[in-house]
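[1] 3D, please:
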Amino acid sequence: MTNSIFDVAIIGSGPGGYTTAIRAARAGLTTALIEKANIGGVCLNAGCIPTKTLIALAKKFKRTNTSFSTETSNANNQFLDVSNFYKQKNRIINQFAAGINFLLKQSGVQIIKGHARLKNNQLIEISTPEQNTFEIQSKTIVVATGSRPKDLPSIPWVEQKILSSNEVLNHEKIPNHIAIIGGGYIGCEFAAYFNSLGSHVSIIEALPGILPNHDQEISQMLTRVFQRKGIDIITNTTVTSAQIDNQIKLLLNNSTQLCFDLVVICVGRIPNTQDIGLENVGIETSNGYIKTGKFMETSVKNIFAIGDVTGKMPLAHTAYTQGKYAVAGILKLLNKHGKESNFYNSLPDEPNYDSIPSVVFSDPEIASVGLTTERAKSLSIDPRISRFPLTASAKAVIDGNTEGFIKILADPVSLRIIGAHIVGENASELISQMAIAIQNKLTAFDLAQVTWPHPTTSEIISESIEGLIDKPIHFIPK
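    Numbers count the residues shown, from 1 in each chain. All right, here's what the predicted structure looks like:
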């Protein structure tokens, strides 16, 4: 290797890994990025980017072809060639992969291909795809190995029949009837995708409702929307076994048997912390996740961890934020000021996970940040709540996207914003405004001073904020 000893070596090139590598190199640290598969990790190659690409294409197709049946979509439909969706998905993946590689090289990051395994707290053994083995040394190490789909012991994976959320992204056939096992955000996104293409979709969820980690009011609304679209939602139900003949027969715990053409298992993800040598250095874990401190440091002071392996919010942008803190911690540990030291010195004491938004790219979109109503009450907070429907938004009516609402939670005394939940078109774009409010501990009075442009969908925030103080202008709450 060109560097005998690196300042930092990052294991895993997902959104956390590659952004941390770029930040470290730009801060003046000699940086290695180790990746055994494709640059960009799951997010770029089998997660965020391909999933959202397919969902966007399906949504566009549905809105321009409002009346079609499963039969016509599966046979001789000249308007629907789903292979083009996958070609576009692959083009976008390749485009961003090339861009990330360019940024890494321009920043001075040394990319090393191979499987990394910790030998001690500074030595990493790397096994290359050509079956060669060598070692590199680094003063600090960042573990960013991500996660993988969780399986169901009672149901084995079967090619082209029973797939994980990764594998279904390369399944170019539109099933007549598909079962999504798991009603979390991944399951709901795939349900929306296949429903848009005309498949009969059934969601099977073990808990009482879909999106169990979201505000209950949001979950209930998406349930109603999905059911209206023809999506079956089967809750309080588990799958005990599967039999494959011409179709896939799922036996449920209530002794019901249902038949499907395709089954996708979306029951969560587990961290990739096996076979990377954590035991060789004594890194402390909990339920397979790596324990971290304020600056993402592990129990071994010169080894850091970011992303899904930390057990925090398993989102790409969470890993982005954690990477900032890891670089700040590394600069401090190595006693280096860095080329962007003002940026890292300005970081708060630790990441504020309450201000990190989450998005479900279903149809309609769902976006949330901060506390849910249920979580607030569990903390003995009786929040002041304001809601504003999209039916009262001029821009939403103009665009014909009136399905949804905004719900904002505030501290009952100070009216500091503590949570926000949006259902509707462009919810993913609107939620950042509320994330800024929570991060900066703004109150409804602070936000009421802002002037939102008219007519825009973002005005629902202004209206809902005024509802916290008194009443919205264009809607009379019940």
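[2] got the contact list for Ile34?
    By Cβ atoms under 8 Å, 6 or more residues apart in numbering, Ile34 lies in contact with 9-13, 112-114, 116, 124, 126. Backbone N, C-alpha and C define where each C-beta goes, glycine included.
[3] any chance of those in JSON lines, plus secondary structure, pLDDT and distance to Val201?
    Listed next are these as JSON lines, based on DSSP: H, G, I helix; E, B strand; the rest coil; pLDDT from 0 to 100; distance: Cβ to Cβ, whole Å:
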{"residue": "Ala9", "secondary structure": "strand", "pLDDT": "98", "distance to Val201": "44"}
{"residue": "Ile10", "secondary structure": "strand", "pLDDT": "98", "distance to Val201": "39"}
{"residue": "Ile11", "secondary structure": "strand", "pLDDT": "98", "distance to Val201": "38"}
{"residue": "Gly12", "secondary structure": "coil", "pLDDT": "98", "distance to Val201": "33"}
{"residue": "Ser13", "secondary structure": "coil", "pLDDT": "97", "distance to Val201": "34"}
{"residue": "Ile112", "secondary structure": "strand", "pLDDT": "97", "distance to Val201": "42"}
{"residue": "Lys113", "secondary structure": "strand", "pLDDT": "96", "distance to Val201": "39"}
{"residue": "Gly114", "secondary structure": "coil", "pLDDT": "96", "distance to Val201": "40"}
{"residue": "Ala116", "secondary structure": "strand", "pLDDT": "97", "distance to Val201": "39"}
{"residue": "Ile124", "secondary structure": "strand", "pLDDT": "97", "distance to Val201": "44"}
{"residue": "Ile126", "secondary structure": "strand", "pLDDT": "96", "distance to Val201": "43"}
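[4] tell me which two of the residues you listed sit farthest apart.
    Within the contacts of Ile34, Ser13 and Ile124 form the most distant pair, 14.5 Å apart (Cβ to Cβ).
[5] those two - which one has more neighbours?
    Neighbours were counted for Ser13 and for Ile124 using other Cβ atoms under 10 Å; Ser13 has more, 31 against 24.
[6] ok, back up a step: tell me the one of the contacts of Ile34 nearest Leu80?
    Among these, Ser13 lies closest to Leu80 (Cβ to Cβ), at 34.9 Å.
[7] what bridges to the closest residue to the closest one other than its chain neighbours?
    Leaving aside its sequence neighbours, Ser13 sits nearest to Glu35 (Cβ to Cβ, 6 or more residues apart in numbering; 3.9 Å). Judged by DSSP bridges, the bridge partners of Glu35 are Lys113.
[8] what's the burial count for Glu35?
    The tally of other residues near Glu35 (other Cβ under 10 Å) stands at 24.
[9] got the confidence number for it?
    According to the prediction, Glu35 has pLDDT 97.
[10] thought it was touching Ala21?
    No. Glu35 is beyond contact range of Ala21, at 9.9 Å (criterion: Cβ atoms under 8 Å).
[11] who touches both of those two?
    Shared contacts of Glu35 and Ala21 (Cβ under 8 Å, 6+ apart): Ser13.
[12] pretty sure Val225 sits in a helix.
    Yes. Counting by DSSP: H, G, I helix; E, B strand; the rest coil, Val225 is part of a helix.
[13] show me the contacts for it.
    364, 403.
[14] what's the distance between it and Asn195?
    10 Å (Cβ to Cβ, to the nearest Å).
[15] run through the helices of the stretch 251-400 of the chain in chain order.
    Under the criterion DSSP state H, counting those that start in this stretch, the stretch 251-400 of the chain contains helices at 278-281, 316-333, 341-345, 373-378, 394-399.
[16] any idea which of the ones you listed gets closest to Ile408?
    Among the helices of the stretch 251-400 of the chain, the nearest to Ile408 by Cβ to Cβ is helix 373-378 (11.1 Å).
[17] for that closest one, buried residues please.
    Neighbour-count burial for helix 373-378, counted by 16 or more other Cβ atoms under 10 Å, picks out 373, 375-376.
[18] buried residues in stretch 170-187?
    So stretch 170-187, judged by 16+ other Cβ under 10 Å, has buried residues 171, 174-187.
[19] what about the residues you listed, which are in helices?
    185-187 (DSSP state H).
[20] domain parsing for the protein?
    Here the domain parsing of the chain from automatic domain parsing is 5-45+87-149+270-345, 162-267, 364-469.
[21] where does the stretch 351-478 of the chain have low pLDDT?
    Within the stretch 351-478 of the chain, not a single segment meets pLDDT under 70.
[22] the strand or helix carrying Ala98: how far from the chain's middle?
    Taking DSSP states H and E as the definition, one finds Ala98 inside helix 82-107. Centroid separation for helix 82-107 versus its chain: 19 Å, with Cα atoms, centre = their mean, to the nearest Å.
[23] packing partners for it?
    Applying 3 or more Cβ pairs under 8 Å, 6 or more residues apart in numbering; DSSP states H and E, we find helix 82-107 packed against helix 15-26, helix 41-46, helix 48-64, strand 110-113.
[24] against Leu103, how distant is Ala326?
    Taking Cβ to Cβ as the measure, Ala326 falls 18 Å from Leu103.
[25] hmm, back to that, any chance of the contacts of Ile34 in TSV, plus distance to Leu211?
    Shown next, in TSV, are the contacts of Ile34 (distance: Cβ to Cβ, whole Å):
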residue	distance to Leu211
Ala9	38
Ile10	33
Ile11	32
Gly12	28
Ser13	30
Ile112	39
Lys113	38
Gly114	39
Ala116	35
Ile124	39
Ile126	40
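[26] what's the closest of the residues you listed to Pro453?
    Looking across the contacts of Ile34 and measuring by Cβ to Cβ, the closest to Pro453 is Ser13, at 39.4 Å.
[27] sorry, back to before: right, and the helices and strands packed on helix 82-107 - which one's nearest Phe260?
    Among the helices and strands packed on helix 82-107, helix 48-64 comes nearest to Phe260, with 19.2 Å by Cβ to Cβ.
[28] quick one: mean pLDDT over that closest one.
    For helix 48-64, the mean pLDDT works out to 91.
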